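A.B. asks: sequence first, then the predicted structure:
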Protein chains: 2
Amino acid sequence: MSVPPKRHIKDVIYDEYLGRIQRGELTHNDRLVDTAVAAEFNVSRMPVRDAFMRLAHEGYLASSTRGFTLPELGHRQILEIFELRRLLEPRAAALASFELTDDDLKTLERAVALSESTIETGDISQLFNASEIIRRTWIMAVPNIELRDTILRYMAQIQAVRMVTFHDAASQRTLVSFHRQMLTAFSRRNGIDVELLILRFVLAGEESYLRAHGAHTDSLL
Amino acid sequence: MSVPPKRHIKDVIYDEYLGRIQRGELTHNDRLVDTAVAAEFNVSRMPVRDAFMRLAHEGYLASSTRGFTLPELGHRQILEIFELRRLLEPRAAALASFELTDDDLKTLERAVALSESTIETGDISQLFNASEIIRRTWIMAVPNIELRDTILRYMAQIQAVRMVTFHDAASQRTLVSFHRQMLTAFSRRNGIDVELLILRFVLAGEESYLRAHGAHTDSLL
DNA sequence: TACGCAATAACAGTATACAGATTTAAAGGT
DNA sequence: ACCTTTAAATCTGTATACTGTTATTGCGTA
């Protein structure tokens, strides 16, 4: 008989908030307090606490003496993670290129169309969405599970970088152009092209970030 | 006045057991039960539970319905982590090569001498120790903290691989030879040499593992 | 208005208690 | 002896209660 897999409360809460974080539904103003969330779910503080502590240890949340918030990544930390991405993502994407299903490619196609439409509309949040869909689609196709999980771990960095770069028109056009190129490379299941393209993509992201960061810190002087 | 940094019990327990695991002081026969450890430390179950759950989520322990044990890595998982190591460790070691202090190099020198002495004595546990010292020394010198933490996370794989390869005489000699070469490359602070050497080292480890694994599974037929 | 200080509130860490699940042990039947 | 069923022990998940620490608030003072 089909056993309802009896999920633990803490796992339900964990998944729920991991999803919210990864979909960018939380802002830096949100303060998560276990007692409040516990009341919301009609459970005790403990499973919520377990879930939040786990998210904090994994880097998705920052714990303070006053609840949990989104982590504030330092400039240095962001640059360090760019180095990790340069090492991991080209290879991972190349591996994924052989695994993407036709459905995945259709998803990519729709997301790329969405991405390109934002050039006209200037709708940043749609560009956010499109980027996220594209990224998740190929990452989920990475057959090396350990590699995939390692990449998934620095979601917070991706968000932080997007936050500071998406408002720059030049970076925006570059991004959309990369999206189109990714679709092409993935569609051809050309691992070599994908590997090089993703490397260039990460490097371009780093450049955009440095440019935006420089502009921002300059304005503070 | 100097504030004693008031460490939480759960963090003390976490550090204690992380150390024991990383030093290889636990075997697969050991079953860790929070109530038992709690009694040992004269604390309640909760902080011990927090510590063990964290270790489990980080991959250092496997949780079952009956306490925590060392994780049993599958063949596939071990191979996947070898791929991660190929991508990360050459670069990380190259970065570390510029950061190693003279003290670090002295430590490496002693460890390499210890490693070489095991060719005569055949003392496997000493080879274990030497490998661990060498590895930890250069990893701790990696200046990119995110990269370093990522590498430190798959300690369990390292242990598992050592376990199955160290009893093979050929693998043993190869390992000792690599240790000597690492000392040379690190001493010269030659990033290029180090990068290539570590790549070859990881590849050799993978070969040894596959050989040992093949021999083992063959014997089961 | 700005600053320092104490009272207060909010929250995480820890303790204890209990319930649910699962393995091990025991008992009984073939 | 061996399989099946039942009972007991064991351990985790969750709930509730308490404690300690730290941020916040509000008051008094310059």
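C.D. replies: Perfect, thanks for sending it.
A.B. asks: and the worst-scoring helix or strand of chain A on mean pLDDT, how far out from the chain's middle?
C.D. replies: None of the helices or strands of chain A scores lower by mean pLDDT, DSSP states H and E than helix A:155-165, at a mean of 82. Relative to the chain's own centre, helix A:155-165 is displaced by 8 Å; criterion: Cα atoms, centre = their mean, to the nearest Å.
A.B. asks: now swap in stretch A:42-53 and tell me
C.D. replies: 25 Å.
A.B. asks: wait, does it make contact with DNA strand C?
C.D. replies: Yes - for stretch A:42-53, a contact with DNA strand C is found by Cβ under 7 Å from any atom of the strand, at A:45, A:46, A:49, A:52, A:53. All C-beta spots, glycine's among them, are computed from the backbone N, C-alpha and C.
A.B. asks: assign the nearest residue in space to the fourth one that is not next to it in sequence to helix, strand or coil.
C.D. replies: Nearest non-adjacent residue to residue A:52, counting by Cβ to Cβ, 6 or more residues apart in numbering or on different chains: residue A:68, 5.0 Å away. Per DSSP: H, G, I helix; E, B strand; the rest coil, the secondary structure class of residue A:68 is strand.
A.B. asks: mind checking how far residue A:68 is from chain B?
C.D. replies: 15 Å (Cβ to the nearest Cβ, to the nearest Å).
A.B. asks: that residue contacts residue A:57, doesn't it?
C.D. replies: No - Residue A:68 is beyond contact range of residue A:57, at 11.4 Å (criterion: Cβ atoms under 8 Å).
A.B. asks: which of those two has more neighbours?
C.D. replies: residue A:68 (25 against 15; other Cβ atoms under 10 Å in any protein chain shown).
A.B. asks: residue A:105 contacts residue A:188, doesn't it?
C.D. replies: No - assessed by Cβ under 8 Å, residue A:105 is found out of contact with residue A:188, at 10.4 Å.
A.B. asks: out of those two, which sits in the more crowded spot?
C.D. replies: For the pair residue A:105 and residue A:188, the greater number of neighbours falls to residue A:105 (15 against 11), based on other Cβ under 10 Å.
A.B. asks: next SSE after the helix or strand where the more buried one lies?
C.D. replies: Per DSSP states H and E: residue A:105 is located in helix A:102-121. Following helix A:102-121 in sequence order, the next helix or strand is helix A:124-140 (DSSP H and E).
A.B. asks: identify the residues contacting the residue nearest the centre of chain A.
C.D. replies: For chain A, residue A:155 is the residue whose C-alpha lies nearest the centre (Cα atoms, centre = their mean; 4.1 Å). Going by Cβ atoms under 8 Å, 6 or more residues apart in numbering or on different chains, residue A:155 touches A:21, A:22, A:60.
A.B. asks: same deal with residue A:179?
C.D. replies: Residue A:179 touches A:111, A:112, A:115, A:116, A:130, A:131, A:134, counting by Cβ under 8 Å, 6+ apart.
A.B. asks: which of the residues you listed are buried, as a PyMOL select command?
C.D. replies: Applying 16 or more other Cβ atoms under 10 Å in any protein chain shown to the contacts of residue A:179 leaves a buried subset, and the PyMOL line that selects it is:
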select buried, chain A and resi 111+112+115+130+131+134
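A.B. asks: in JSON lines: the contacts of residue A:179, plus distance to residue B:13 and pLDDT.
C.D. replies: Formatted as JSON lines, those follow (distance: Cβ to Cβ, whole Å; pLDDT from 0 to 100):
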{"residue": "A:111", "distance to residue B:13": "45", "pLDDT": "97"}
{"residue": "A:112", "distance to residue B:13": "49", "pLDDT": "98"}
{"residue": "A:115", "distance to residue B:13": "48", "pLDDT": "96"}
{"residue": "A:116", "distance to residue B:13": "53", "pLDDT": "96"}
{"residue": "A:130", "distance to residue B:13": "45", "pLDDT": "93"}
{"residue": "A:131", "distance to residue B:13": "41", "pLDDT": "94"}
{"residue": "A:134", "distance to residue B:13": "42", "pLDDT": "97"}
